[in-house]
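Engineer: dropping a prediction and its sequence here:
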Amino acid sequence: MLSIKNLSVSIDDKAILSGLSLDVPTGEVHAIMGPNGAGKSTLSYTLAGKPGYQVTGGSATLDGVNLLDLDPSQRAARGVFLSFQYPLEIPGVPALTFLRTALNAQHKARGEAEVSAPDFLRLVRGKAAALRMDFDMLKRALNVGFSGGEKKRMEILQMSVLSPRLAILDETDSGLDIDALRIVSDGVNALRAPDRSMLVITHYQRLLDYIRPDRVHVLSAGRIVASGGPDLALELEREGYDKYSKVAA
Amino acid sequence: MSLARAIETGDAALLPSRRDEDWRWTDLRGLIRAVPAASPAAPAPAASGPFAALGGEELRLVNGRGPDRLTLAAGERRLVALRFVAAPDAGAHVSRIAIDLGEGADLTLLESYEGEGADYLADAELTVTLAPGARLERIVLAADAEGGVGVSRADIRLSAGASLAQTVLTTGARRQRLETWVRHPGHGATVRLDGVYRLAGRRHADITTVVTHEGTDGTTDQLVKGVADDQARGVFQGRIVVSPGADRTEARMGHHALILSDRAEIDGKPELEIYADDVACAHGNTVGALDDEALFYAAQRGIPEPEARAMLTAAFLGEVLDRIVHEGARDIARDWLAETLGAPRP
């Protein structure tokens, strides 16, 4: 379970998150919606441990462990996975090499045995097929020359192979056409599991037609200003974020 | 101003110094107060060379002593390991060897500099000629000792239709310079001059190349990449001269380096001197740091920072190694790189 309490975060001494509290029980999918500049990406980067995000107060625990005490690779080994809004291109490193290095680094950090090359290839082949990805693409340098849709699919593939306890999807719908959105959403839905929490961060309601959340939260001016069931997303789509901006102000 | 003369006469005043424009980043005069005693004769090294796994014949010059000639007859094809060894008792020495390739001959030359001594001063001079249509792939692995000073100079003269493909790999030394001088006749001859340096501690490596295009329709392609960490210093000086009349020359030069520490230094001097018409010449020279965003991305997937740095650095330098034609040598070069970086093999 992810439990965020009273989290405050600044960038260059400018407060972005101001006392944000949120619980995502294990097995649930929660959506965070909010206007531009509300702090959505700051929340995801802070949970992942990106340098430059100064935590000025509060805590964020996953299964009782304070994530904020750990460096980014340790958080990953504890089960934090962030699907990037803009996945990085890594020239010269084949996707398969990158993913196997990541998987084995996580295993090592958890004191588990290394995954052998044949077992790894078998695992990835199966997952790639489920996402309708061409396996040969995985032999190319990670994300280099990939389309927006291919990059997002590659993120979901990595998530599927790394099998995290907490998956954070940061604007996963951005840059996707309807077909790609459906494939990516199917991939995400297939990863819903009783032992996994998911945090879906999005500006638009569209994604939530495909990934049905258990709860929807509205983030405005650095904190959660409203929470509700899936219908809250529809209401936001109809009425916009205006009334919440006023609450926050 | 010649290293060989300084060694042979024992006169340190003859060492190249920062006052020589071509040596200003690799000052030997300021480093060496007195030329070490001449290296004694030494037995063959007990250890095998870095390319031993590839078989072929082996030529050894130990403390400057060994064969002085390698000749390939017309059409002959050979794989030769050429080892320059500074033995544990090495002082100062000069090694000289002439290599001649007959018409259409094909040589894969696996050249190594092996520093077993602590504080030697070694100079190697290679004079290489390629007859028409001859082909030379030269892979140089410079594994000098941390306290050693090593300089190598290869003068390579090509004939029409000949080809030279070269890759220099080095981890540097107390001071080290690897020079290649090429006389390029054009007329279908091709030259590739690549290099990789991976420097840490206080090591220094200087890759200097001069290619003189003397005829029409010649091509030169150069890609040198390097990384300097700690207080290391990397030097690249690349000069391509297109002589009058060497029309339709195509030359490309790239030098790209990463600085991994505030106290490391990279000096790059790409020079194109063009005296002919209708030529296509380009050069690029960049120095930067590893991409913090990429490091965070890797860390987010669970790859700890030291491992991520090694992986990204290996990928950066690996582009050069992919251009090595001889498959076995390419594998050895990749292993060398992985070992110097402590990176996982791709």
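Structural biologist: Right, received. Where do you want to start? Everything numeric here is computed off the predicted structure, so don't read it as measured data.

Engineer: rest of the way, CA atoms for contacts and neighbours
Structural biologist: Will do.

Engineer: near chain B, which residues of chain A show up?
Structural biologist: A:48, A:50, A:72-77, A:80-82, A:88-94, A:97, A:101-103, A:105-106 (C-alpha under 8 Å from any C-alpha of the partner chain).

Engineer: which ones among the residues you listed are found in strands?
Structural biologist: A:80, A:81, A:82 (DSSP state E).

Engineer: which residue is it, in chain A, that comes closest to chain B?
Structural biologist: residue A:73 (4.1 Å; C-alpha to the nearest C-alpha).

Engineer: surely that residue meets residue B:297?
Structural biologist: No. Residue A:73 lies out of contact with residue B:297 (C-alpha atoms under 8 Å); the separation is 9.5 Å.

Engineer: if I look at residue 183, what pLDDT would I see?
Structural biologist: No chain was given, so I picked chain A. We have a pLDDT of 86 for residue A:183.

Engineer: please refer instead to chain B.
Structural biologist: So residue B:183 comes in at 98 (pLDDT).

Engineer: which ones are touching it?
Structural biologist: B:155, B:156, B:157, B:158, B:211, B:212, B:213, B:214 (C-alpha atoms under 8 Å, 6 or more residues apart in numbering or on different chains).

Engineer: can you report phi and psi for it?
Structural biologist: phi -100, psi 120 (degrees, to the nearest 10).

Engineer: ok, now residue B:92?
Structural biologist: phi -120, psi 140.

Engineer: what about it, how many neighbours?
Structural biologist: 26 (other C-alpha atoms under 10 Å in any protein chain shown).

Engineer: and residue A:112, by the same measure?
Structural biologist: 11.

Engineer: what about it, helix or strand, and which?
Structural biologist: Residue A:112 belongs to no helix or strand when elements are defined using DSSP states H and E.

Engineer: what residues are up against residue 219?
Structural biologist: Just going to use chain A. Residue A:219 touches A:32, A:33, A:34, A:35, A:38, A:39, A:40, A:225, A:226, counting by C-alpha under 8 Å, 6+ apart.

Engineer: look at chain B instead
Structural biologist: Contacts of residue B:219 (C-alpha under 8 Å, 6+ apart): B:186, B:188, B:189, B:190, B:191, B:249, B:250, B:251.

Engineer: specify the beta-bridge partners of it.
Structural biologist: Residue B:219 forms beta bridges with residue B:190, residue B:250, as assigned by DSSP bridges.

Engineer: what's the distance between it and chain A?
Structural biologist: In this view, residue B:219 and chain A are 26 Å apart by C-alpha to the nearest C-alpha, to the nearest Å.

Engineer: same question, residue B:228
Structural biologist: From residue B:228 to chain A the distance is 19 Å (C-alpha to the nearest C-alpha).

Engineer: now swap in residue B:162 and tell me
Structural biologist: With C-alpha to the nearest C-alpha as the criterion, residue B:162 and chain A are 31 Å apart.

Engineer: try residue B:58
Structural biologist: Where chain A is concerned, residue B:58 sits at a distance of 34 Å (C-alpha to the nearest C-alpha).

Engineer: same thing with residue B:269?
Structural biologist: In terms of C-alpha to the nearest C-alpha, residue B:269 sits 26 Å off from chain A.

Engineer: distance-wise, check the closest residue in space to that residue that isn't next to it in sequence relative to residue B:198.
Structural biologist: Counting by C-alpha to C-alpha, 6 or more residues apart in numbering or on different chains, residue B:269 lies nearest to residue B:237, which is 4.7 Å off, once chain neighbours are set aside. Distance of residue B:237 to residue B:198, given as C-alpha to C-alpha, to the nearest Å: 16 Å.

Engineer: could you do residue A:86 as well?
Structural biologist: 31 Å.

Engineer: these two - which one has more neighbours?
Structural biologist: residue B:198 (27 against 15).

Engineer: output the contacting helices and strands for the helix or strand encompassing that one.
Structural biologist: For residue B:198, the enclosing helix or strand under DSSP H and E is strand B:190-199. If contacts are counted by 3 or more C-alpha pairs under 8 Å, 6 or more residues apart in numbering or on different chains; DSSP states H and E, strand B:190-199 sits against strand B:163-170, strand B:204-213, strand B:219-228, strand B:233-242, helix B:305-321.
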